[in-house]
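S.K.: Sequence plus predicted model, see below.
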Amino acid sequence: MTGGAWLLRRLVASVAIIFAVVTLVFILTHLAPGEPCPAGEQIDPAVCLELQQQFGFDQPLVVQYWRYLVALAHGNLGFSFSLRRPVGDALADTIPFTLQLAGAALLLDFLLGLALGIYQATRVNRLPDVLLGNVTLFIYSLPTFWLALILSLIFAEKLGWFPVGGPNNPIFCPVVDSIYCVADRLWHLVLPAATLGLVGAAGTARFQRAAMLDVASQDYVRTARAKGVPERRVVLRHQLRNALLSFITRAGLAFPFLLTCAVLIETIFAWPGMGRLAFNAILTRDHALVTGTALIASTVVVLGSLLADILLEIADPRLRVRADVATEILTA
Amino acid sequence: MTLGTWLALFVALVVAGETVRALRLRALQRERWRRFFKHRTTSWGVGILAFLVIIALAAPLLAPYSPNKQLDIVHLKNHAPSWTFILGTDVLSRDVWSRAVWGARISLGIGALGALVAVSLGTLVGALAGYFRRWVDPVLMRGVDVGLALPRIFILLMVVALWDGLPFAALVLAIGLTSWFGTSRLVRAEVLSLREREFVVAARALGADSGRVIFRHVLPNAAAPIIVSAALGVGNVLLLEASLSFLGIGVAPPDPSWGNMIADGASTIYSAPWTTLFPGLAISLVVMSLNAVADGFRDALDPREEAA
């Protein structure tokens, strides 16, 4: 299979997966018990009926689903009842916050995790490796929401170093419009991003250490050492470059973890991002908002693994060679 | 804490320690199990797990108070840890130690049962997809792709929150039914390579039906990834349950689970940190021990080490 055909197939599959997720979530939310106008509430039945007709709730599920898809094809994600505004607007307001949080967390995760993993791999089974191994094992096992609480207890309440609650100081920086407010945003970002990033970094370090050791027993590494290549060069050029290939795949899988934790972390730190939006949407049974956030979340996850596959295809020439050989055999 | 409680705690510690010692002794006889105990963290993991399982089983002996009893809402609210209440009391004047002990039953129970459901289902789906291929494989695996595309907590939140007041069994099932996707991929990959091996071909040639080949010949040889993912799975399910309970939609109060104990304590964390600290530590300890044990299994069952 050539590169273009491979990419096209992956893209079609990705779209199909996202479509299936939307369908699944749509059915799930509409199957759940609870109707828009429950009996016993003080609403005029005539008003209720009119509202149901206005939003199409009196139609069969298939018709509602079709209408949702048609609207979706026009870029319309529907209307959120709990927020009384279009779902698209609500998402546009919250996604930047989640991007800032996730971006900072990923940066910490990858940089710290890779550095620790590589360092450990060069000191295998010696004291620094064993100590760091135990520390990363412990941090990797922490519930993120509990770590968030403990970090805010220590660094916000006891030491008073960092603020908690909200993305800005509401008095001086209701909107970010100056250097001072950018600094203020970063200041507020430290604790939530550190919580997510530390747990992620511990996982990355454990993974990267194992990946480096996997490569360490390969023939080409032994050959490089036998040739007298300096140790530093062996680690960076021979071990690391090959170990990074499996890291690419792992990095693509980091998004589900981030999104899951974002729901909890954003709730704890009152961070007005998409995770908190999704959680509130589910609690208020806001069908359109739930489906909208699920659509965005699954798109991010699918794109993450697609991006990792493409990167891997570019970075690892062996994959291309193998694919070409396979094509030759098949066409011969 | 009464003298009897301390005594029971001491006995639990000794039994856990002895269990590890006995297991290590037996392990010496087999090369594979020597590798299991190669790292000291694995022994600690087994010991901590044994201790907590004993605590969960012997909860009535170890908990001095009933977990839901509000001892004295006026005078004993958020009491700091002392000799009478070693882990303090919570905002409703309930003994945190007693709740943690009974919570071990619920949390570990959900972890074990949820992981059992998830690993069984994942193994079954993976085996079917890998063994039958043709149309079975793409159909099942595209389903798994969809399941993996949506962060698990989204699905769970929807199921649990939309149908609120789920009973315990439904919670376990919901968690189990949304946690098997990863396992099925692992098992499928293993089965795909096993099905071409000589002993499987031979079993088929002898006329064994597919069920027999899968369960008697293929799956026993795929035990390594299944066991490892089961050990990791218990920890994951435990964390999921804790997250759900923390968000207020997992185990229904007043029953204690480590997750909803953290949720109860979160609002008073600055004035009474012990109500949050200890259940969280318990969760971390269990998950860490399970990760360590999974590492041990990985060392013990790795075929590459076997050859070396």
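M.R.: Nice, I can see it.
S.K.: What is the burial count for the one residue in the stretch 51-200 of chain B that gets nearest to chain A?
M.R.: Proximity of the stretch 51-200 of chain B to chain A (C-beta to the nearest C-beta) peaks at residue B:162, 3.4 Å away. The way it works is simple: take the backbone N, C-alpha and C, and place the C-beta from them, glycine included. Counted by other C-beta atoms under 10 Å in any protein chain shown, the residues lying close to residue B:162 total 21.
S.K.: Likewise for residue A:222?
M.R.: Residue A:222 has 13 nearby residues by other C-beta under 10 Å.
S.K.: With residue B:268 instead?
M.R.: Residues near residue B:268, counting by other C-beta under 10 Å: 15.
S.K.: Look up the closest residue to it, ignoring the ones flanking it.
M.R.: Among residues not flanking residue B:268 along the chain, residue B:91 sits closest, at 5.4 Å (C-beta to C-beta, 6 or more residues apart in numbering or on different chains).
S.K.: again with residue B:8
M.R.: residue B:61 (4.5 Å).
S.K.: and that neighbour, what pLDDT?
M.R.: Per-residue pLDDT puts residue B:61 at 80.
S.K.: State the helix or strand in which it lies.
M.R.: helix B:59-62 (DSSP states H and E).
S.K.: which other helices and strands contact that helix?
M.R.: helix B:3-27, helix B:96-132 (3 or more C-beta pairs under 8 Å, 6 or more residues apart in numbering or on different chains; DSSP states H and E).
S.K.: Same question for the last one: list its buried residues.
M.R.: Residues of helix B:96-132 classed as buried: B:96-108, B:110-119, B:121-131 (neighbour count, 16 or more other C-beta atoms under 10 Å in any protein chain shown).
S.K.: Which parts of chain A are helices?
M.R.: Counting by DSSP state H, the segments of chain A that form helices are A:3-31, A:45-55, A:61-73, A:87-122, A:127-140, A:144-151, A:179-216, A:219-227, A:231-233, A:241-252, A:254-268, A:274-283, A:287-315, A:317-331.
S.K.: Please apply the same query to the stretch 51-200 of chain B.
M.R.: B:59-62, B:96-132, B:136-149, B:152-162, B:168-177, B:181-194, B:198-205 (DSSP state H, counting those that start in this stretch).
S.K.: so can I have CSV of the helices of chain A showing distance to residue B:236 and mean pLDDT?
M.R.: As requested, those are arranged in CSV below (distance: least, C-beta to C-beta, whole Å; pLDDT from 0 to 100):
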stretch, distance to residue B:236, mean pLDDT
helix A:3-31, 21, 86
helix A:45-55, 39, 77
helix A:61-73, 33, 87
helix A:87-122, 19, 91
helix A:127-140, 12, 90
helix A:144-151, 13, 92
helix A:179-216, 12, 89
helix A:219-227, 33, 86
helix A:231-233, 38, 83
helix A:241-252, 17, 85
helix A:254-268, 11, 86
helix A:274-283, 19, 88
helix A:287-315, 17, 87
helix A:317-331, 30, 63
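S.K.: out of the ones you listed, nearest to residue B:256?
M.R.: helix A:144-151 (15.7 Å; C-beta to C-beta).
S.K.: The helices of the stretch 51-200 of chain B into a markdown table, with extra columns for distance to residue A:47?
M.R.: Below are the helices of the stretch 51-200 of chain B laid out as a markdown table (distance: least, C-beta to C-beta, whole Å):
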| stretch | distance to residue A:47 |
| --- | --- |
| helix B:59-62 | 53 |
| helix B:96-132 | 44 |
| helix B:136-149 | 39 |
| helix B:152-162 | 25 |
| helix B:168-177 | 35 |
| helix B:181-194 | 44 |
| helix B:198-205 | 67 |
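S.K.: nearest to residue A:181, of those?
M.R.: Closest among the helices of the stretch 51-200 of chain B, using C-beta to C-beta: helix B:152-162, at 31.9 Å.
S.K.: count of neighbours near residue 143?
M.R.: Looking at chain A here, since you left the chain open. 25.
S.K.: hmm, I had chain B in mind actually
M.R.: Neighbour tally, residue B:143, other C-beta under 10 Å: 15.
S.K.: what do you get for residue A:178?
M.R.: So residue A:178, with other C-beta under 10 Å, has 11 neighbours.
S.K.: do the same with residue B:25
M.R.: Around residue B:25 there are 9 residues (other C-beta under 10 Å).
S.K.: Kindly report the same for residue A:184.
M.R.: 18.
S.K.: interface residues of the stretch 1-150 of chain B facing chain A?
M.R.: B:41, B:142, B:145, B:146, B:148, B:149, B:150 (C-beta under 8 Å from any C-beta of the partner chain).
S.K.: again, 10 Å this time
M.R.: Residues of the stretch 1-150 of chain B lying close to chain A (C-beta under 10 Å from any C-beta of the partner chain) are B:39-41, B:44-45, B:142-143, B:145-150.
S.K.: List the contacts of residue B:81.
M.R.: By C-beta atoms under 10 Å, 6 or more residues apart in numbering or on different chains, the residues touching residue B:81 are B:87, B:88, B:89, B:96, B:97, B:274, B:277, B:278.
S.K.: from the residues you listed, which two are the most distant?
M.R.: Going by C-beta to C-beta, the pair spanning the contacts of residue B:81 furthest: B:89 and B:277, at 13.6 Å.
S.K.: quick one: which of those two has more around it?
M.R.: Each of residue B:89 and residue B:277 has its neighbours counted (other C-beta under 10 Å); residue B:89 has more, 30 against 21.
S.K.: contacting residues for that one?
M.R.: B:65, B:70-73, B:75-82, B:95-99, B:272, B:274-275.
S.K.: just residue B:144 next, same as before
M.R.: Residue B:144 makes contact with B:122, B:125, B:126, B:129, B:180, B:181, B:182, B:183, B:184, B:185, B:188, according to C-beta under 10 Å, 6+ apart.
S.K.: Go again with 8 Å.
M.R.: Contacts here follow C-beta atoms under 8 Å, 6 or more residues apart in numbering or on different chains; on that basis residue B:144 touches B:125, B:181, B:184, B:185.
S.K.: who in the stretch 201-308 of chain B is up against chain A?
M.R.: B:235, B:239, B:242-243, B:246-247, B:262, B:266, B:269-270, B:273, B:276-277, B:280, B:283-284, B:287-288, B:291-292.
S.K.: separation between the spatially most central residue of chain B and chain A?
M.R.: By C-alpha atoms, centre = their mean, the mean C-alpha position of chain B lies nearest to residue B:234, the distance being 2.1 Å. Per C-beta to the nearest C-beta, to the nearest Å, residue B:234 is found 12 Å from chain A.
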